[in-house]
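> Please work out how this folds:
(one chain, ligands or ions: 1)
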Amino acid sequence: MFSAICSLHSHLTTFNRTHTTVVAMPKTSAPRLPKPGSHRAADPSHVETPLALKRRARKLNRTLALGYPDAHAELDFSTPLELLVATVLSAQCTDVRVNSVTPVLFSLYPTAADYAAADPEELAEVIRPTGFYQAKTRSLIGLGTAIAEKHGGEVPRTLEELVALPGVGRKTANVVLGNAFGVPGITVDTHLGRLVRRWKLTDQEDPVKVERELMELIEPKEWTMFSHRAIFHGRRVCHSRKPACGACFLAWQCPSFGLAGTPDPEEAMTRITSPDREHLLALAGFGED
Ligand code: SF4
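Predicted coordinates for the structure are as follows:
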């Protein structure tokens, strides 16, 4: 498995090294890395054509697929309603924490009508660990009522109908469409927004504008998986405050390599602690020699 990944990395390094300069090979066991700021897209005066930008975005997505072949929604659910509820609860909360409360929640409130008829204090107590529980309680009762009264108890399948539900925005709607109904959608959460700006795929801050621009770059059939992969990368490697640039398998493709985070491999590798760490580090070039 490890040698297969190393072979994959050799291919990936050749594949990536088209426009940057090799400046260092810190240690025999550490990866070869580009010079920070040497990516063409890192140059503010560089004008990237729409076609070049689209090709670069799709190449990034293909490389992400090597890193995260099993990327998926990290919220636990078994029905569209459960996913909708879990996604509402995930606002300002980790998926792990949401997953810790949903088994009890889903057993107590299995249908939209159950949320509609819920006692607010009892419901709030169950979801309290997810934070902002008063507002989330109102959202769950409101969306349960709307689904029960306007949609016959079934979660609607269109973006327009979903965003009309209380507490449901485009991000939540796209999560439900993409993961419960198989309708491709780009989920612009805090991770994805941060990463696509670091990759210089967009400079937009508004999630709706980010979503629209990405829809022009990424193939529609890849929208959902691209979102999952980017979010996985944001959680594991390209952290908000301390991105692990020196240990990132996207180093050669990323305009922000060494600018957003440390380019030092030894320091960077300590910032990757996920269960797939060995795979990610091998893909980045660690342990080749
Ligand atoms: S960790 Fe660094 S190199 Fe990797 S994607 Fe983020 S900014 Fe780019």
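
> Setting aside sequence neighbours, what's the nearest residue to residue 37?
Among residues not flanking residue 37 along the chain, residue 259 sits closest, at 5.9 Å (CB to CB, 6 or more residues apart in numbering). All C-beta atoms are positioned from the backbone trio N, CA, C, and that covers glycine.

> residues touching the residue lying closest to residue 76 once chain neighbours are set aside, list them.
Setting aside the residues directly before and after it, residue 76 is nearest to residue 99 in space (CB to CB, 6+ apart), at 4.7 Å. The contact partners of residue 99, taken as CB atoms under 8 Å, 6 or more residues apart in numbering, are 74, 75, 76, 86.

> wait, is the first one part of a helix?
By that I understand residue 74. No. Going by DSSP: H, G, I helix; E, B strand; the rest coil, the assignment for residue 74 is coil, not a helix.

> I'd say it and residue 95 touch.
Yes. The pair formed by residue 74 and residue 95 meets the contact definition of CB atoms under 8 Å, at 4.3 Å.

> Just the element for the most centrally placed residue in the chain, please.
When CA atoms, centre = their mean is applied to the chain, the residue found nearest the centroid is residue 231 (1.5 Å). Secondary structure assigned from DSSP states H and E places residue 231 in helix 223-236.

> what number of residues lie near the closest residue to residue 162 other than its chain neighbours?
Nearest residue to residue 162, sequence neighbours excluded (CB to CB, 6+ apart): residue 173, at 3.7 Å. A total of 24 residues lie near residue 173 under the criterion other CB atoms under 10 Å.

> mean confidence score for the strand or helix carrying residue 173?
Secondary-structure element containing residue 173, defined by DSSP H and E: helix 170-180. Helix 170-180 comes out with an average pLDDT of 93.

> how far out from the middle of the chain is the helix or strand that it is followed by?
Using DSSP H and E, the next helix or strand after helix 170-180 towards the C-terminus is helix 190-198. Offset of helix 190-198 from its chain centre (CA atoms, centre = their mean, to the nearest Å): 8 Å.

> who touches the helix or strand following helix 190-198?
Moving toward the C-terminus from helix 190-198, the first helix or strand encountered (DSSP H and E) is helix 207-217. Contacts of helix 207-217 from elsewhere in the structure, counted by CB under 8 Å, 6+ apart, are 50, 53-54, 57-58, 170-171, 174, 186, 188, 192-193, 196, 201-202, 204, 223, 226.

> quick one, what contacts residue 246?
Counting by CB under 8 Å, 6+ apart, residue 246 has contacts 31, 33, 258, 261, 262, 263, 264, 265, 266, 267, 268, 269.

> wait, isn't the first one in contact with residue 284?
Meaning residue 31. Yes. Under the criterion of CB under 8 Å, residue 31 lies in contact with residue 284, with a separation of 5.3 Å.

> residues shared between the contacts of those two?
By the contact definition CB under 8 Å, 6+ apart, residue 31 and residue 284 are jointly contacted by 247, 251.

> Any idea how many residues pack against the residue in the stretch 51-200 of the chain that the ligand sits nearest to?
When distances are taken as CB to the nearest ligand atom, the stretch 51-200 of the chain approaches the ligand most closely through residue 198, which lies 4.4 Å from it. A total of 20 residues lie near residue 198 under the criterion other CB under 10 Å.
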